[in-house]
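In: need a 3D model of the sequence below.
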Amino acid sequence: MEPTESNVTLHTLPLPHPLLLLPSSRLTFPISAAAADVLLDLIDTVDPATIAVIPLLRPNARTLNEWGVSAQIVRLVRPTRPSSQPYLLSVQGTSRVRLVFPPVSFNNRDPLPKLPFTEPSPDVQGPPSREAIASFRAAALRLLDRLAQDTVQSRRREGWLKIATLVEETSDERMGWLADTLVGAVNTDYSDKIEFLAASALPTRLQCATSLFLKQISIVEVSTKVASSLNETLSNQQKEIFLRTQLAAITAELRNLQKGNARGRGQSVGVHDDGKELSDLDADAEGEDELADVKRRIEAMEDGSEERRVGVAEWRRLKRIPQQSAEYGVVRSYLEWLTSLPWPGVVLPSTRSIPSALTTEPGALSTRAFLANARSQLDADHFGLERVKRRLIEYLAVVRLRETQIAAAAAAEQLTQKEVEQKAPAGAKALVKYEGKGATP
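Out: Just a heads-up that it's a prediction; the model follows:
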(Lines give C-alpha, C1' and ligand atoms only; values in the text may rest on other atoms or scores of the structure.)
Protein backbone atom coordinates (compact mmCIF):
# COMPACT_ATOMS: atom_id res chain seq x y z
CA MET A 1 0.00 0.00 0.00
CA GLU A 2 1.44 3.33 -1.07
CA PRO A 3 1.90 6.00 1.63
CA THR A 4 -0.61 8.82 1.54
CA GLU A 5 1.92 11.49 2.54
CA SER A 6 5.66 12.12 2.73
CA ASN A 7 7.84 14.19 5.06
CA VAL A 8 10.23 16.91 3.87
CA THR A 9 12.22 19.74 5.45
CA LEU A 10 12.31 23.02 3.50
CA HIS A 11 13.44 26.61 3.88
CA THR A 12 10.27 28.50 4.70
CA LEU A 13 9.49 31.96 3.28
CA PRO A 14 6.54 33.86 4.85
CA LEU A 15 4.26 35.38 2.23
CA PRO A 16 2.97 38.89 3.12
CA HIS A 17 -0.76 39.33 3.54
CA PRO A 18 -2.86 39.22 1.32
CA LEU A 19 -0.61 37.45 -1.20
CA LEU A 20 -1.24 33.74 -1.70
CA LEU A 21 0.38 31.14 -3.92
CA LEU A 22 -1.40 28.06 -5.23
CA PRO A 23 0.03 25.01 -7.00
CA SER A 24 0.56 25.54 -10.75
CA SER A 25 0.57 29.33 -10.21
CA ARG A 26 3.45 31.79 -10.45
CA LEU A 27 3.96 34.76 -8.15
CA THR A 28 6.49 37.63 -7.99
CA PHE A 29 6.95 39.59 -4.76
CA PRO A 30 9.70 41.59 -2.97
CA ILE A 31 11.95 40.06 -0.31
CA SER A 32 14.59 41.41 2.05
CA ALA A 33 18.33 41.38 1.36
CA ALA A 34 18.91 38.85 4.17
CA ALA A 35 16.40 36.40 2.67
CA ALA A 36 17.94 36.95 -0.77
CA ASP A 37 21.39 35.99 0.52
CA VAL A 38 20.05 32.70 1.87
CA LEU A 39 18.25 31.99 -1.42
CA LEU A 40 21.40 32.72 -3.43
CA ASP A 41 23.34 30.15 -1.38
CA LEU A 42 20.48 27.67 -1.88
CA ILE A 43 20.46 28.24 -5.65
CA ASP A 44 24.20 27.59 -5.83
CA THR A 45 23.83 24.39 -3.80
CA VAL A 46 20.64 22.72 -5.11
CA ASP A 47 19.16 22.60 -8.59
CA PRO A 48 16.25 23.12 -8.77
CA ALA A 49 16.03 25.16 -5.58
CA THR A 50 12.78 24.38 -3.73
CA ILE A 51 11.35 26.31 -0.78
CA ALA A 52 8.07 26.39 1.15
CA VAL A 53 5.94 29.52 0.69
CA ILE A 54 3.48 29.94 3.58
CA PRO A 55 0.89 32.74 3.75
CA LEU A 56 0.22 34.79 6.87
CA LEU A 57 -3.20 34.56 8.46
CA ARG A 58 -3.66 38.28 9.18
CA PRO A 59 -1.97 41.58 8.29
CA ASN A 60 1.00 42.50 10.47
CA ALA A 61 0.89 39.03 12.05
CA ARG A 62 3.80 36.62 12.57
CA THR A 63 1.85 33.37 12.71
CA LEU A 64 2.12 31.13 9.65
CA ASN A 65 -0.84 29.36 8.13
CA GLU A 66 -0.96 25.59 8.59
CA TRP A 67 -1.04 24.98 4.82
CA GLY A 68 1.28 26.31 2.17
CA VAL A 69 2.90 25.43 -1.14
CA SER A 70 6.26 24.02 -2.07
CA ALA A 71 7.64 26.18 -4.88
CA GLN A 72 10.62 26.26 -7.20
CA ILE A 73 12.65 29.45 -7.55
CA VAL A 74 12.23 30.73 -11.09
CA ARG A 75 14.10 34.03 -10.87
CA LEU A 76 15.76 36.26 -8.29
CA VAL A 77 16.39 39.83 -9.45
CA ARG A 78 18.72 42.06 -7.47
CA PRO A 79 18.79 45.90 -7.77
CA THR A 80 21.03 47.27 -10.51
CA ARG A 81 22.89 49.49 -8.03
CA PRO A 82 22.85 49.94 -4.24
CA SER A 83 19.50 51.50 -3.44
CA SER A 84 16.43 51.09 -1.28
CA GLN A 85 14.74 48.89 -3.87
CA PRO A 86 14.15 45.30 -2.65
CA TYR A 87 15.01 42.03 -4.35
CA LEU A 88 12.25 40.55 -6.52
CA LEU A 89 11.60 36.80 -6.24
CA SER A 90 9.56 34.78 -8.76
CA VAL A 91 8.38 31.32 -7.67
CA GLN A 92 6.32 28.56 -9.30
CA GLY A 93 4.00 26.55 -7.05
CA THR A 94 4.31 22.76 -7.34
CA SER A 95 2.34 21.00 -4.56
CA ARG A 96 0.61 21.54 -1.23
CA VAL A 97 2.55 21.15 2.01
CA ARG A 98 1.41 21.11 5.63
CA LEU A 99 3.32 22.12 8.75
CA VAL A 100 4.06 19.19 11.06
CA PHE A 101 3.94 21.28 14.25
CA PRO A 102 1.55 24.21 13.79
CA PRO A 103 1.21 26.99 14.73
CA VAL A 104 4.63 28.44 13.94
CA SER A 105 5.77 32.04 14.34
CA PHE A 106 8.76 33.50 12.51
CA ASN A 107 11.23 36.19 13.54
CA ASN A 108 13.52 38.57 11.68
CA ARG A 109 16.70 36.92 12.98
CA ASP A 110 16.12 33.90 10.75
CA PRO A 111 14.51 35.09 7.50
CA LEU A 112 14.21 31.57 6.01
CA PRO A 113 13.95 28.97 8.80
CA LYS A 114 14.03 25.27 7.92
CA LEU A 115 10.77 23.62 9.03
CA PRO A 116 9.38 20.08 8.66
CA PHE A 117 6.40 19.56 6.32
CA THR A 118 4.24 16.77 5.03
CA GLU A 119 3.14 16.44 1.41
CA PRO A 120 -0.36 14.85 1.36
CA SER A 121 -1.29 12.75 -1.63
CA PRO A 122 -4.22 14.16 -3.68
CA ASP A 123 -5.57 10.65 -4.28
CA VAL A 124 -6.22 9.86 -0.61
CA GLN A 125 -10.00 10.01 -1.17
CA GLY A 126 -9.92 8.43 -4.61
CA PRO A 127 -10.89 10.07 -7.92
CA PRO A 128 -13.82 12.51 -8.01
CA SER A 129 -17.18 11.42 -9.34
CA ARG A 130 -18.44 12.38 -12.79
CA GLU A 131 -21.19 14.47 -11.20
CA ALA A 132 -18.61 16.49 -9.23
CA ILE A 133 -16.54 17.05 -12.37
CA ALA A 134 -19.59 18.11 -14.37
CA SER A 135 -20.73 20.52 -11.64
CA PHE A 136 -17.24 22.01 -11.42
CA ARG A 137 -16.97 22.43 -15.18
CA ALA A 138 -20.45 24.02 -15.45
CA ALA A 139 -19.78 26.49 -12.61
CA ALA A 140 -16.41 27.46 -14.08
CA LEU A 141 -17.88 28.05 -17.56
CA ARG A 142 -20.74 30.08 -16.12
CA LEU A 143 -18.36 32.29 -14.13
CA LEU A 144 -16.02 32.81 -17.08
CA ASP A 145 -18.94 33.71 -19.34
CA ARG A 146 -20.18 36.28 -16.81
CA LEU A 147 -16.70 37.78 -16.44
CA ALA A 148 -16.33 38.04 -20.22
CA GLN A 149 -19.70 39.82 -20.51
CA ASP A 150 -18.92 42.34 -17.77
CA THR A 151 -15.41 43.16 -19.01
CA VAL A 152 -15.03 46.38 -21.01
CA GLN A 153 -11.52 45.73 -22.30
CA SER A 154 -11.47 43.52 -25.37
CA ARG A 155 -8.13 41.95 -24.45
CA ARG A 156 -9.38 40.77 -21.05
CA ARG A 157 -12.58 39.49 -22.65
CA GLU A 158 -10.55 37.41 -25.10
CA GLY A 159 -8.49 36.08 -22.20
CA TRP A 160 -11.56 34.87 -20.30
CA LEU A 161 -12.93 33.24 -23.45
CA LYS A 162 -9.65 31.40 -24.03
CA ILE A 163 -9.73 30.09 -20.46
CA ALA A 164 -13.32 28.90 -21.06
CA THR A 165 -12.11 26.98 -24.10
CA LEU A 166 -9.37 25.43 -21.95
CA VAL A 167 -11.98 24.33 -19.39
CA GLU A 168 -13.99 22.57 -22.08
CA GLU A 169 -10.99 20.78 -23.56
CA THR A 170 -9.21 19.72 -20.33
CA SER A 171 -9.47 16.01 -19.53
CA ASP A 172 -10.94 14.69 -16.28
CA GLU A 173 -7.52 13.52 -15.06
CA ARG A 174 -6.29 17.16 -14.89
CA MET A 175 -9.25 18.61 -12.99
CA GLY A 176 -7.11 19.24 -9.90
CA TRP A 177 -4.60 21.30 -11.87
CA LEU A 178 -7.45 23.19 -13.56
CA ALA A 179 -9.12 23.99 -10.22
CA ASP A 180 -5.86 25.43 -8.81
CA THR A 181 -5.33 27.50 -11.96
CA LEU A 182 -8.85 28.97 -12.04
CA VAL A 183 -9.00 29.82 -8.34
CA GLY A 184 -5.65 31.56 -8.65
CA ALA A 185 -6.90 33.61 -11.62
CA VAL A 186 -10.27 34.64 -10.16
CA ASN A 187 -10.45 37.59 -7.77
CA THR A 188 -12.02 36.05 -4.65
CA ASP A 189 -11.84 36.63 -0.91
CA TYR A 190 -8.61 35.81 0.90
CA SER A 191 -10.39 33.60 3.42
CA ASP A 192 -11.96 31.54 0.62
CA LYS A 193 -8.57 30.98 -0.98
CA ILE A 194 -7.08 29.93 2.37
CA GLU A 195 -9.89 27.37 2.71
CA PHE A 196 -9.28 26.14 -0.83
CA LEU A 197 -5.54 25.82 -0.13
CA ALA A 198 -6.32 23.43 2.74
CA ALA A 199 -8.30 21.10 0.41
CA SER A 200 -5.61 18.59 -0.48
CA ALA A 201 -7.86 15.71 -1.59
CA LEU A 202 -9.05 16.06 -5.18
CA PRO A 203 -12.82 15.53 -4.57
CA THR A 204 -12.79 18.04 -1.72
CA ARG A 205 -10.84 20.49 -3.84
CA LEU A 206 -13.32 20.32 -6.73
CA GLN A 207 -16.26 20.72 -4.36
CA CYS A 208 -14.63 23.75 -2.69
CA ALA A 209 -13.81 25.31 -6.08
CA THR A 210 -17.40 24.77 -7.28
CA SER A 211 -18.81 26.50 -4.18
CA LEU A 212 -16.34 29.33 -4.59
CA PHE A 213 -17.32 29.83 -8.25
CA LEU A 214 -21.05 29.83 -7.47
CA LYS A 215 -20.49 32.38 -4.72
CA GLN A 216 -18.50 34.60 -7.08
CA ILE A 217 -21.25 34.29 -9.73
CA SER A 218 -23.86 35.46 -7.23
CA ILE A 219 -21.71 38.43 -6.23
CA VAL A 220 -21.16 39.49 -9.85
CA GLU A 221 -24.83 39.09 -10.77
CA VAL A 222 -26.03 41.06 -7.75
CA SER A 223 -23.53 43.85 -8.44
CA THR A 224 -24.63 44.06 -12.05
CA LYS A 225 -28.30 44.04 -11.09
CA VAL A 226 -27.80 46.79 -8.49
CA ALA A 227 -25.92 48.97 -10.96
CA SER A 228 -28.58 48.42 -13.62
CA SER A 229 -31.47 49.19 -11.26
CA LEU A 230 -29.67 52.30 -10.04
CA ASN A 231 -29.31 53.58 -13.59
CA GLU A 232 -33.00 52.93 -14.25
CA THR A 233 -34.07 54.61 -11.00
CA LEU A 234 -32.18 57.78 -11.69
CA SER A 235 -34.38 59.96 -13.87
CA ASN A 236 -33.09 62.47 -16.35
CA GLN A 237 -33.77 65.28 -13.89
CA GLN A 238 -31.77 63.57 -11.15
CA LYS A 239 -28.91 62.96 -13.54
CA GLU A 240 -28.99 66.61 -14.58
CA ILE A 241 -28.94 67.75 -10.94
CA PHE A 242 -26.04 65.45 -10.20
CA LEU A 243 -24.03 66.62 -13.21
CA ARG A 244 -24.80 70.28 -12.57
CA THR A 245 -23.66 69.90 -8.97
CA GLN A 246 -20.35 68.52 -10.15
CA LEU A 247 -20.06 71.28 -12.75
CA ALA A 248 -20.78 73.96 -10.12
CA ALA A 249 -18.09 72.56 -7.84
CA ILE A 250 -15.55 72.48 -10.65
CA THR A 251 -16.49 76.01 -11.73
CA ALA A 252 -16.11 77.31 -8.18
CA GLU A 253 -12.63 75.79 -7.91
CA LEU A 254 -11.59 77.31 -11.24
CA ARG A 255 -12.98 80.72 -10.21
CA ASN A 256 -11.02 80.61 -6.97
CA LEU A 257 -7.85 79.82 -8.89
CA GLN A 258 -8.53 82.70 -11.31
CA LYS A 259 -9.18 85.10 -8.42
CA GLY A 260 -5.92 84.07 -6.81
CA ASN A 261 -4.05 84.69 -10.07
CA ALA A 262 -5.75 88.08 -10.43
CA ARG A 263 -4.77 89.13 -6.88
CA GLY A 264 -1.21 88.07 -7.59
CA ARG A 265 -1.13 90.51 -10.51
CA GLY A 266 -2.64 93.32 -8.45
CA GLN A 267 -6.05 93.23 -10.14
CA SER A 268 -9.45 93.35 -8.48
CA VAL A 269 -12.48 91.33 -9.45
CA GLY A 270 -15.18 93.38 -11.17
CA VAL A 271 -12.99 96.40 -12.06
CA HIS A 272 -10.42 96.93 -14.80
CA ASP A 273 -7.02 98.46 -14.11
CA ASP A 274 -8.28 101.83 -15.39
CA GLY A 275 -11.25 101.84 -12.96
CA LYS A 276 -13.93 100.90 -15.51
CA GLU A 277 -16.56 98.35 -14.59
CA LEU A 278 -16.46 94.97 -16.25
CA SER A 279 -19.04 94.12 -18.88
CA ASP A 280 -21.18 90.99 -18.87
CA LEU A 281 -18.46 89.26 -20.88
CA ASP A 282 -15.80 89.92 -18.21
CA ALA A 283 -17.67 88.31 -15.33
CA ASP A 284 -15.87 85.00 -15.81
CA ALA A 285 -12.61 86.26 -17.33
CA GLU A 286 -9.51 87.44 -15.55
CA GLY A 287 -6.01 87.78 -16.86
CA GLU A 288 -4.84 88.10 -20.42
CA ASP A 289 -7.57 87.63 -23.00
CA GLU A 290 -6.60 85.61 -26.06
CA LEU A 291 -9.94 86.24 -27.78
CA ALA A 292 -10.02 90.04 -27.71
CA ASP A 293 -11.37 90.34 -31.27
CA VAL A 294 -14.22 87.88 -30.62
CA LYS A 295 -15.08 89.67 -27.40
CA ARG A 296 -15.06 93.05 -29.16
CA ARG A 297 -17.43 91.78 -31.85
CA ILE A 298 -19.85 90.37 -29.26
CA GLU A 299 -19.86 93.68 -27.41
CA ALA A 300 -20.65 95.45 -30.70
CA MET A 301 -23.86 93.44 -31.14
CA GLU A 302 -27.15 95.13 -30.40
CA ASP A 303 -28.18 94.98 -26.75
CA GLY A 304 -31.04 92.57 -26.07
CA SER A 305 -30.71 90.81 -29.42
CA GLU A 306 -30.82 87.04 -29.74
CA GLU A 307 -27.36 86.86 -31.28
CA ARG A 308 -25.83 88.84 -28.39
CA ARG A 309 -27.55 86.61 -25.82
CA VAL A 310 -26.23 83.46 -27.52
CA GLY A 311 -22.77 84.99 -27.92
CA VAL A 312 -22.54 85.97 -24.24
CA ALA A 313 -23.72 82.52 -23.13
CA GLU A 314 -21.21 80.74 -25.34
CA TRP A 315 -18.47 83.14 -24.24
CA ARG A 316 -19.09 82.30 -20.58
CA ARG A 317 -19.18 78.62 -21.44
CA LEU A 318 -15.86 78.95 -23.27
CA LYS A 319 -14.18 80.54 -20.23
CA ARG A 320 -15.29 77.59 -18.06
CA ILE A 321 -13.81 74.95 -20.38
CA PRO A 322 -10.11 74.05 -20.00
CA GLN A 323 -8.05 74.93 -23.05
CA GLN A 324 -6.75 71.35 -23.28
CA SER A 325 -10.28 70.03 -23.82
CA ALA A 326 -11.54 69.21 -27.31
CA GLU A 327 -14.79 71.03 -26.50
CA TYR A 328 -12.82 74.28 -26.10
CA GLY A 329 -11.88 74.26 -29.79
CA VAL A 330 -15.46 73.53 -30.83
CA VAL A 331 -16.94 76.41 -28.81
CA ARG A 332 -14.21 78.79 -29.94
CA SER A 333 -14.79 77.96 -33.62
CA TYR A 334 -18.52 78.49 -33.13
CA LEU A 335 -17.93 81.92 -31.54
CA GLU A 336 -15.58 82.97 -34.34
CA TRP A 337 -18.17 81.93 -36.91
CA LEU A 338 -21.00 83.64 -34.99
CA THR A 339 -19.17 86.96 -34.68
CA SER A 340 -18.09 86.95 -38.33
CA LEU A 341 -21.70 87.12 -39.58
CA PRO A 342 -23.10 90.60 -40.54
CA TRP A 343 -25.76 90.90 -37.83
CA PRO A 344 -28.09 93.92 -38.10
CA GLY A 345 -27.14 96.82 -35.91
CA VAL A 346 -23.52 95.68 -35.56
CA VAL A 347 -21.18 98.63 -36.07
CA LEU A 348 -17.61 97.74 -35.37
CA PRO A 349 -15.13 100.41 -34.31
CA SER A 350 -13.05 99.88 -37.43
CA THR A 351 -16.02 100.79 -39.67
CA ARG A 352 -17.69 103.63 -37.77
CA SER A 353 -15.66 106.44 -39.37
CA ILE A 354 -15.31 105.12 -42.91
CA PRO A 355 -15.85 107.99 -45.38
CA SER A 356 -18.12 107.45 -48.36
CA ALA A 357 -15.89 106.47 -51.24
CA LEU A 358 -18.64 106.27 -53.86
CA THR A 359 -19.36 109.99 -53.72
CA THR A 360 -20.14 112.33 -56.56
CA GLU A 361 -18.36 115.35 -55.12
CA PRO A 362 -16.08 117.16 -57.56
CA GLY A 363 -12.50 115.99 -57.35
CA ALA A 364 -13.32 112.78 -55.42
CA LEU A 365 -11.85 110.57 -58.13
CA SER A 366 -8.59 112.43 -58.13
CA THR A 367 -7.78 111.76 -54.47
CA ARG A 368 -5.21 109.06 -53.59
CA ALA A 369 -7.51 107.41 -51.00
CA PHE A 370 -10.37 106.87 -53.46
CA LEU A 371 -9.82 103.12 -54.02
CA ALA A 372 -8.96 102.42 -50.35
CA ASN A 373 -12.13 104.21 -49.20
CA ALA A 374 -14.17 102.32 -51.80
CA ARG A 375 -12.87 98.98 -50.53
CA SER A 376 -13.59 99.93 -46.91
CA GLN A 377 -17.10 101.02 -47.85
CA LEU A 378 -17.79 97.73 -49.64
CA ASP A 379 -16.49 95.71 -46.65
CA ALA A 380 -18.71 97.70 -44.31
CA ASP A 381 -21.85 97.26 -46.43
CA HIS A 382 -21.43 93.68 -47.68
CA PHE A 383 -20.11 90.46 -46.11
CA GLY A 384 -17.95 88.21 -48.25
CA LEU A 385 -18.34 88.57 -52.04
CA GLU A 386 -14.60 88.91 -52.48
CA ARG A 387 -14.69 88.27 -56.21
CA VAL A 388 -17.45 90.82 -56.80
CA LYS A 389 -15.65 93.41 -54.68
CA ARG A 390 -12.43 92.84 -56.59
CA ARG A 391 -14.20 93.38 -59.92
CA LEU A 392 -15.84 96.54 -58.63
CA ILE A 393 -12.50 97.93 -57.43
CA GLU A 394 -10.98 97.13 -60.83
CA TYR A 395 -13.84 98.95 -62.53
CA LEU A 396 -13.49 101.97 -60.26
CA ALA A 397 -9.73 101.98 -60.94
CA VAL A 398 -10.41 102.13 -64.69
CA VAL A 399 -12.99 104.88 -64.20
CA ARG A 400 -10.57 106.84 -62.02
CA LEU A 401 -7.78 106.39 -64.59
CA ARG A 402 -10.05 107.55 -67.44
CA GLU A 403 -11.29 110.57 -65.49
CA THR A 404 -7.76 111.43 -64.49
CA GLN A 405 -6.61 111.21 -68.11
CA ILE A 406 -9.52 113.37 -69.29
CA ALA A 407 -8.81 115.93 -66.61
CA ALA A 408 -5.14 115.93 -67.51
CA ALA A 409 -5.94 116.39 -71.22
CA ALA A 410 -8.32 119.28 -70.47
CA ALA A 411 -5.73 120.94 -68.29
CA ALA A 412 -3.07 120.55 -70.99
CA GLU A 413 -5.40 122.01 -73.64
CA GLN A 414 -6.20 124.99 -71.42
CA LEU A 415 -2.52 125.61 -70.82
CA THR A 416 -1.77 125.46 -74.56
CA GLN A 417 -4.51 127.97 -75.40
CA LYS A 418 -3.18 130.43 -72.84
CA GLU A 419 0.32 130.16 -74.29
CA VAL A 420 -0.99 130.78 -77.84
CA GLU A 421 -2.89 133.86 -76.76
CA GLN A 422 0.15 135.26 -75.02
CA LYS A 423 2.41 134.79 -78.09
CA ALA A 424 -0.03 136.34 -80.75
CA PRO A 425 1.14 139.86 -82.41
CA ALA A 426 -0.70 143.06 -81.53
CA GLY A 427 -3.23 144.56 -84.21
CA ALA A 428 -2.69 147.89 -86.23
CA LYS A 429 -4.12 151.11 -84.71
CA ALA A 430 -6.13 153.54 -87.04
CA LEU A 431 -7.10 157.12 -86.37
CA VAL A 432 -10.68 157.81 -87.41
CA LYS A 433 -12.05 161.34 -87.92
CA TYR A 434 -15.70 162.04 -88.28
CA GLU A 435 -16.65 164.07 -91.31
CA GLY A 436 -17.94 167.60 -90.98
CA LYS A 437 -15.49 168.73 -88.37
CA GLY A 438 -13.06 170.62 -90.69
CA ALA A 439 -10.46 168.01 -90.90
CA THR A 440 -8.60 167.41 -94.15
CA PRO A 441 -8.00 163.97 -95.30
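In: CA atoms for contacts and neighbours, from now on please.
Out: OK.
In: can you give me the helices in this structure?
Out: Counting by DSSP state H, the chain has helices at residues 33-45, 130-150, 154-169, 175-185, 190-197, 202-233, 236-264, 292-299, 306-320, 326-340, 370-381, 386-423.
In: mean pLDDT lowest where, among those?
Out: Ranked by mean pLDDT, those bottom out at helix 236-264, which scores a mean of 71.
In: let me see the domain layout of this structure.
Out: Following automatic domain parsing, one gets these domains for the chain: 5-120, 130-233, 268-340, 354-412.
In: please tabulate the ones you listed in JSON lines and include distance to L243 and mean neighbour count as additional columns.
Out: Formatted as JSON lines, those follow (distance: least, C-alpha to C-alpha, whole Å; neighbours: other C-alpha atoms under 10 Å):
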{"stretch": "domain 5-120", "distance to L243": "38", "mean neighbour count": "17"}
{"stretch": "domain 130-233", "distance to L243": "14", "mean neighbour count": "16"}
{"stretch": "domain 268-340", "distance to L243": "15", "mean neighbour count": "15"}
{"stretch": "domain 354-412", "distance to L243": "41", "mean neighbour count": "13"}
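In: let me see the contact set for P203.
Out: Applying C-alpha atoms under 8 Å, 6 or more residues apart in numbering to P203 gives the contacts Q125, G126, P127, P128, S129, A132.
In: scan those and report the most crowded one.
Out: Counting neighbours by other C-alpha atoms under 10 Å, P128 leads those with 20 neighbours.
In: ok, that residue to S135 distance?
Out: P128 is 11 Å from S135, where distance means C-alpha to C-alpha, to the nearest Å.
In: what does V310 give?
Out: 65 Å.
In: cool, T251 as well?
Out: Distance from T251 to S135, by C-alpha to C-alpha: 56 Å.
In: can you redo the domains of the chain as a markdown table with distance to Q258?
Out: Compiled in a markdown table, those are given as follows (distance: least, C-alpha to C-alpha, whole Å):
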| stretch | distance to Q258 |
| --- | --- |
| domain 5-120 | 42 |
| domain 130-233 | 36 |
| domain 268-340 | 6 |
| domain 354-412 | 37 |
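In: tell me which of these sits nearest to Q246.
Out: Closest to Q246 of the domains of the chain is domain 268-340 (C-alpha to C-alpha; 13.1 Å).
In: quick one: contacts of stretch 111-119?
Out: 5-13, 34-35, 38, 95-101, 106.
In: name the residue closest to the centre of the protein, please.
Out: What sits nearest the mean C-alpha location of the chain, by C-alpha atoms, centre = their mean, is S325, with 8.4 Å.
In: how about that one, phi and psi?
Out: phi -80, psi 150 (degrees, to the nearest 10).
In: wait, isn't L141 in contact with V167?
Out: Yes - using C-alpha atoms under 8 Å, L141 and V167 qualify as a contacting pair, with a distance of 7.2 Å.
In: could you find the closest non-adjacent residue to P48?
Out: The spatially closest residue to P48, leaving aside those adjacent along the chain, is Q72, at 6.6 Å (C-alpha to C-alpha, 6 or more residues apart in numbering).
In: what lies in contact with the longest strand anywhere in the chain?
Out: Selection of the longest strand in the chain by residue count, based on DSSP state E, yields strand 87-99. If you take C-alpha under 8 Å, 6+ apart as the criterion, strand 87-99 is touched by 21-33, 36, 52, 66-79, 115-120, 197, 200.
In: could you do stretch 171-178 as well?
Out: With C-alpha under 8 Å, 6+ apart, stretch 171-178 has contacts from P23, S24, I133, V167, T170, L202, R205, L206.
In: can we see that at 7 Å?
Out: Surrounding stretch 171-178, the residues in contact under the criterion C-alpha atoms under 7 Å, 6 or more residues apart in numbering are S24, L202.
In: how far is it from where the chain is centred?
Out: 45 Å (C-alpha atoms, centre = their mean, to the nearest Å).
In: what average pLDDT does stretch 66-84 get?
Out: Averaging pLDDT along stretch 66-84 yields 81.
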